[in-house]
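Peer 1: test case, fold it:
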Amino acid sequence: MSRCIEWRRERRRVLLPVLILAPYPVTDMTGIDVMALLDTGSTISGVSGRVAEPLGLIRLGKRPLSSAHGEGQVERYAFRVGLRDENEPRLAPAFPFVFEEVIGIELAGAFDFNVLLGMDILGQCDFEMRRDGSCRLGFA
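Peer 2: Numbering: from 1, shown residues only. Here you go, the predicted model:
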């Protein structure tokens, strides 16, 4: 059964509310609700330290990264991303759709969003964006 989320984007960027969870135990649905920037130009996703610390995400070591800002070393974390359909009627408790664990990077503190969704997550979805500002993300 396929699920989808529909929302309106900002004029210059596409932000989506997501739930970030620790990678294990997989039965633990306790997470942090944050805004994520959708970035089809990024191969990997990332979280800020403001998200990693309260979730107790474990640092996995640095790796080289090439980006629009140049080259450098970035910390890595394992985490899960959950999506909720906020437009879905709440007749019964609804669980978010949670993607399998990803290894992502730590985002610099200079951004005004806490999560970046890259193609490791977006590649598992159907994404549609219209000129009128409406967006749709299909998954599952």
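
Peer 1: in this structure, which spans are strands?
Peer 2: For the chain, applying DSSP state E gives strands covering 3-8, 15-21, 31-38, 46-48, 59-67, 70-83, 97-98, 102-107, 115-117, 126-129, 134-139.

Peer 1: mean pLDDT lowest where, among those?
Peer 2: Of all the strands of the chain, strand 59-67 carries the lowest average pLDDT, namely a mean of 89.

Peer 1: give the pairing partners of that strand; include direction for each.
Peer 2: Here strand 59-67 is paired, per DSSP bridges, with strand 70-83 (antiparallel).

Peer 1: list the buried ones in the strand it pairs with?
Peer 2: Buried residues in strand 70-83, counted by 16 or more other C-beta atoms under 10 Å: Val74, Glu75, Arg76, Tyr77, Phe79, Arg80, Val81, Gly82, Leu83. Glycine gets a C-beta too; all of them are placed from N, C-alpha and C.

Peer 1: what number of residues lie near the residue nearest to Phe139 when sequence neighbours are not counted?
Peer 2: Once flanking residues are discounted, Phe139 sits nearest to Cys125: 4.6 Å by C-beta to C-beta, 6 or more residues apart in numbering. Using other C-beta atoms under 10 Å, Cys125 is surrounded by 19 other residues.

Peer 1: phi first, then psi, for Cys125.
Peer 2: Here is the backbone geometry of Cys125 (degrees, to the nearest 10): phi -130, psi 160.
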